[in-house]
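Chemist: Give the three-dimensional model of this entry:
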Amino acid sequence: MRPAPRLFWGVILYALALSSIMLAATMAAGPPADEPLFQWRMLVVQARLSEGQTILVPEDADSPVPTPDMTSFATQAGALASQPETPAALREQAAAMWMIYGGQAQEGDDKRVLSNLLPTPENRTEFGRLVAELAAGGDLTDRQVLADADVSPWLKSRLTLWLKDRRAPMPADSDHAKSERPFVEKTASVLGFFGMFGLLGLLLLASLPWLLRRFRGRGLPPAPWANEWWVPWYVVAAWFAVSATAQLALSSAVGLGGLIVVQLASGLIALRLIGQQSLDGQRGFAGVLFQLRVGVAPFGGQAMPPLLWGFLAWCAALPIMLLCTLLQSMLPIESHLVSNPVLPEIVAADSGFNTIILFVAVVGLAPFFEEIIFRGFLYRQLRARSGPLGAALVSAAVFSAVHLSPGTIVPLFGLGLLLAAVTERSGGLLPAMLLHGLWNGGSLVLAGTLYSGAA
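Modeler: Below is the predicted model of the structure:
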């Protein structure tokens, strides 16, 4: 039994110190400067979806959808406009939403309340002065002011509709409703797509005992690497140390391109370290990948079994992850620690090239290397000592912890458990990679669809 080398302790201490500093900095910094913007965008998306329910109902439907109550959005918009950290231009738009959705019916005096929501008169833009005038009972005397305002087309259109009848809900046959139809239909289609496969996932989970008896994988062979206790932690800590250090050094300088460089560099270093622990001389990348059971060899050279494993596991993951997200929401964690760290990148990826880079990084490279490290190596090493259940729990905990995202730690832990179970049952790593990639890709598609509605 080899003792842990000095380098191991240095890598462990560096990784722990780096992760502690990064996590402490995230929690101490408070909400980022663009947090109000994200809150506003999600508020707009939620309002558009709620108000757009009537758009999807056929005109000859027997029972039309009840008119949605939009006053809660007025309350949320008023709260956003009242936050000291909300920029002045954003306060004006939130105040306009407050006015449109009936905040005055809750608060009473439009002019008095709105003066507290809007910036001071000298700091208002032309749009802010227009909102103040409308709240005081005035009319839109200069439509060019609204046309030239630096606000979203949705807000301009909704405000124009509100001016026609300040108390009525959105008519389904209005010009505004017609302009909303593409977004509502696209979002409904995406949500319906995920919902359909989520129902399939529920059926799979309900029939899981029968499926486990009926279908069995080829099983995992003993790990072909050195069995010293420190070996898996050395590889994981080194991968994290290189990844986190490079990300801090490169991400601000080269953006999304830096993300790919970081993933490639840290992943290849991890593969090299795994090869150094080989007991049968398989130290090249091809040999290491074979040992890790990457590819179709564990499935008799057939591509269909791992594809089926990955797809069905993704379906089962949808309801499981929804439950994990609900459990996460019960934890007392500040809002800025709950958001997905990839969301700012989604919003910033405003070109086709940036979107492709983001998908390559998040859907391709991240699942490939993370599954190699956490399920291909760490899980199998721990499995030799503590069995499948203990290895699954520990590897899932480490997987969720290294993401340094307190607001998503429960979903990440649940995903880690599911990925370990798929690897154990299927006997190969490719199904877990496919599940991981499908999950990341689905998250990007859903987030991109919703954020497109916040423009």
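Chemist: Go through the helix or strand hosting V184 and flag the buried ones.
Modeler: Per DSSP states H and E, V184 falls inside helix 175-206. For helix 175-206, the neighbour count (16 or more other C-beta atoms under 10 Å) marks 176-177, 180, 183-184, 187-188, 190, 194, 197-198, 200-201 as buried. Placement of C-beta: from N, CA and C, glycine included.
Chemist: Give the buried residues for the helix or strand hosting P411.
Modeler: Element membership for P411, per DSSP H and E: helix 409-426. Buried residues in helix 409-426, defined by neighbour count with 16+ other C-beta under 10 Å: 409-426.
Chemist: And for stretch 387-405?
Modeler: Quick answer for stretch 387-405 (16+ other C-beta under 10 Å): 388, 391-396, 398-402, 404-405.
Chemist: What mean pLDDT does it get?
Modeler: Stretch 387-405 shows a mean pLDDT of 94.
Chemist: Other residues contacting it?
Modeler: 19, 22-23, 26, 236, 240, 337, 340-341, 370, 374-375, 378-383, 385-386, 408-410, 412-417, 419-421, 424 (C-beta atoms under 8 Å, 6 or more residues apart in numbering).
Chemist: And stretch 137-146, by the same measure?
Modeler: By C-beta under 8 Å, 6+ apart, stretch 137-146 touches D110, E126, F127, L130, L134, K156, L159, T160, L163.
Chemist: F399 sits in which helix or strand?
Modeler: helix 380-401.
Chemist: Quick one: distance of that helix to the chain centre.
Modeler: Helix 380-401 has its C-alpha centroid displaced from the chain centroid by 24 Å (C-alpha atoms, centre = their mean, to the nearest Å).
Chemist: Tell me if P169 really is in a helix.
Modeler: No. Read with DSSP: H, G, I helix; E, B strand; the rest coil, P169 is coil and lies in no helix.
Chemist: pLDDT score for it?
Modeler: Reading off the model, P169 has pLDDT 72.
Chemist: And it, how far from A79?
Modeler: 22 Å (C-beta to C-beta, to the nearest Å).
Chemist: repeat for A96
Modeler: In terms of C-beta to C-beta, A96 sits 15 Å off from A79.
Chemist: quick one: which of the two has more around it?
Modeler: Neighbours per residue, other C-beta atoms under 10 Å: of A96 and A79, the larger number sits with A96, 28 against 15.
Chemist: Next up, the contacts around that one.
Modeler: F127, V131, V151, L155, L159 are the contacts of A96 under C-beta under 8 Å, 6+ apart.
Chemist: Now, the residues you listed that are in strands?
Modeler: Among the contacts of A96, none falls in strands (DSSP state E).
Chemist: how far off helix 380-401 does the helix or strand containing Q247 point, in degrees?
Modeler: Here Q247 sits within helix 231-276, counting by DSSP H and E. Helix 231-276 runs at 110 degrees relative to helix 380-401, counting by axes from the mean of the first three to the mean of the last three C-alpha atoms, to 10 degrees.
Chemist: Residues contacting the following helix or strand past helix 231-276, please?
Modeler: Using DSSP H and E, the helix or strand that follows helix 231-276 in sequence is helix 285-291. With C-beta under 8 Å, 6+ apart as the test, helix 285-291 has contacts from 224-225, 268, 271, 274-275, 278, 280-282, 295, 297, 372.
Chemist: Out of the residues you listed, which end up buried?
Modeler: Buried among the contacts of helix 285-291 by 16+ other C-beta under 10 Å: P224, W225, L271, I274, G275, S278, Q282, G295, I372.
Chemist: Including pLDDT and distance to T355, could those residues go into TSV?
Modeler: Shown next, in TSV, are those (pLDDT from 0 to 100; distance: C-beta to C-beta, whole Å):
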residue	pLDDT	distance to T355
P224	86	39
W225	88	38
L271	93	28
I274	92	32
G275	90	34
S278	84	39
Q282	63	37
G295	85	28
I372	96	25
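Chemist: which regions of the protein lie under the pLDDT threshold?
Modeler: Counting by pLDDT under 70, the low-confidence segments of the chain come to 1, 28-34, 57-67, 103-114, 167-168, 216-218, 250-257, 281-283, 334-352, 452-455.
Chemist: Spell out which residues make up each domain of it.
Modeler: Listed domain ranges for the chain are 35-56+66-181, 216-452 (source: automatic domain parsing).
Chemist: which of these sits most buried?
Modeler: domain 216-452 (a mean of 18; mean count of other C-beta atoms under 10 Å).
Chemist: okay, which residue of the chain is out on the far edge from center?
Modeler: T141 (43.6 Å; C-alpha atoms, centre = their mean).
Chemist: From L134, how far off is it?
Modeler: Distance from T141 to L134, by C-beta to C-beta: 10 Å.
Chemist: Over to S329?
Modeler: 36 Å.
Chemist: Setting aside sequence neighbours, what's the nearest residue to L365?
Modeler: In space, and not counting its chain neighbours, L365 is closest to Q263: 4.3 Å by C-beta to C-beta, 6 or more residues apart in numbering.
Chemist: which ones are touching that neighbour?
Modeler: Taking C-beta under 8 Å, 6+ apart as the test, what Q263 contacts is S243, A361, L365, A366, F369.
Chemist: Secondary structure and distance to L289 for those - can I get that in a markdown table?
Modeler: Shown next, in a markdown table, are those (DSSP: H, G, I helix; E, B strand; the rest coil; distance: C-beta to C-beta, whole Å):
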| residue | secondary structure | distance to L289 |
| --- | --- | --- |
| S243 | helix | 19 |
| A361 | helix | 20 |
| L365 | helix | 15 |
| A366 | helix | 17 |
| F369 | helix | 11 |
